[in-house]
Structures are given as C-alpha cells and as structure tokens.
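In: With the input below, show me the fold.
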Amino acid sequence: MASGREGSQGAGANKSADRDLLLAFVGTVIPAGGANGAMPAASELAAFRELSSDEAEAIYGPVLELLVARSRAQGMEDFPALDLEARESMVRGLHSDHPLVVMGAVAQTLLRYYGVDTVVGALGLETRAPHPQGYLLDDTDWALLEPVRKMDPIYRAAAGQGDES
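Out: Next up, the predicted model:
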C-alpha cells in the first residue's frame with residue numbers, strides 16, 4: 001500500500017497503519033450484522049486481512065488517500081480510531097465529493113465479501129461453486145419475452161459458409 005500515508009514512521013509501521021486504515025474502511029462499508037451478529041464485518045475476513053499490499057493499493061489506494069486527507073483537513077483523529085458512526089459520516093462525505101472513487105472501492109468490497117464461504121453460508125446458501133449443479137430458480141412467465149422475440153435483429157448476420165463478404 002502507499003507509503004506516504006502516515007508521515008515519517010518506519011516502513012513496517014506504515015504497512016501496519018495502512019492495513020489498519022484498509023480494515024477500518026471495509027469494516028465501515030460492511031460492519032458486523034444480522035441476527036446475533038451472524039454476518040461478520042468485512043474487516044474480520046481473511047479476504048481483506050491477507051490482501052497483498054500491491055492489490056490493496058491498486059483497489060483501495062485512492063479512497064484511502066482521500067480518507068487520510070479528509071481526516072487531516074477536518075482535524076480529526078486517524079480514521080481507524082473513529083467510531084463507526086463518525087467513519088460512516090466521513091465515507092458518505094467522500095462519496096458526495098468523489099463518487100466514482102468511493103463506489104469503485106465499495107463495489108470491490110462487496111464482490112470480495114459476498115464471495116467468502118463464511119458469508120455465503122451465513123446467508124443460508126450452499127458454499128459451493130454455482131456450476132455444474134446450478135441453483136434452482138423460480139419459474140417465470142416466458143411470454144414476457146414475446147415483444148423481444150418479435151423485434152427485428154439488431155445485429156448484422158454473420159457470413160454463411162461459402163459467403164465471401
């Protein structure tokens with residue numbers, strides 16, 4: 001992760017502080033919840049705790065830089081030290097000022113979180129790959145597709161065998 005976020009601390013302290021900042025961010029996006037805390041916070045999962053520094057920097061670097069700058073500008077303590085409500089407020093403020101940066105990091109957090117077997121199991125789903133067994137879906141009214149079937153093609157037909165185009 002970026003080395004300039006925490007001032008003049010040593011490299012080891014920087015990585016630890018950056019990891020704390022990352023875990024505070026993902027834990028703000030997805031805090032523990034559900035009945036009896038059945039859903040873990042994103043910050044509790046190895047998918048985030050063991051994320052390589054290079055990958056974390058590529059995915060979360062921009063939003064973490066914004067969090068540090070916002071904390072300093074507001075004269076607040078470090079983002080990880082804030083309570084959940086204050087962290088949520090800061091992330092919402094960043095979202096209104098930098099929606100693409102924040103939403104990109106939130107989307108990556110959601111994708112990683114809901115791909116973890118612990119989370120899938122807590123949702124009451126089987127912790128397996130969706131294929132080859134697949135999942136049962138409710139029956140649908142296929143007649144709803146009739147207007148689409150009646151439409152003219154919106155693509156150019158591929159050349160057939162022997163057709164030189």
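In: contacts, neighbours, all on C-alpha from now
Out: OK.
In: Low-confidence ranges, this structure, go.
Out: 1-17, 35, 37, 161-165 (pLDDT under 70).
In: Counting residues, name the longest helix you see in it.
Out: helix 53-73 (DSSP state H).
In: for the residue nearest the centre of the chain, what are its contacts?
Out: Geometric centre of the chain, nearest residue: Thr109, 1.8 Å, by Cα atoms, centre = their mean. Thr109 is in contact with Val26, Val29, Ala42, counting by Cα atoms under 8 Å, 6 or more residues apart in numbering.
In: Mind listing what's buried along the following helix or strand past the longest helix of the chain?
Out: Next in sequence after helix 53-73, counting helices and strands by DSSP states H and E, comes helix 84-97. For helix 84-97, a neighbour-count test (16 or more other Cα atoms under 10 Å) marks Leu84, Arg87, Glu88, Met90, Val91, Leu94 as buried.
In: do stretch 54-72 as well
Out: For stretch 54-72, by 16+ other Cα under 10 Å, it's 56-57, 59-61, 63-68, 70-71.
In: what does stretch 118-137 give?
Out: Result for stretch 118-137 [16+ other Cα under 10 Å]: buried residues Val119, Val120.
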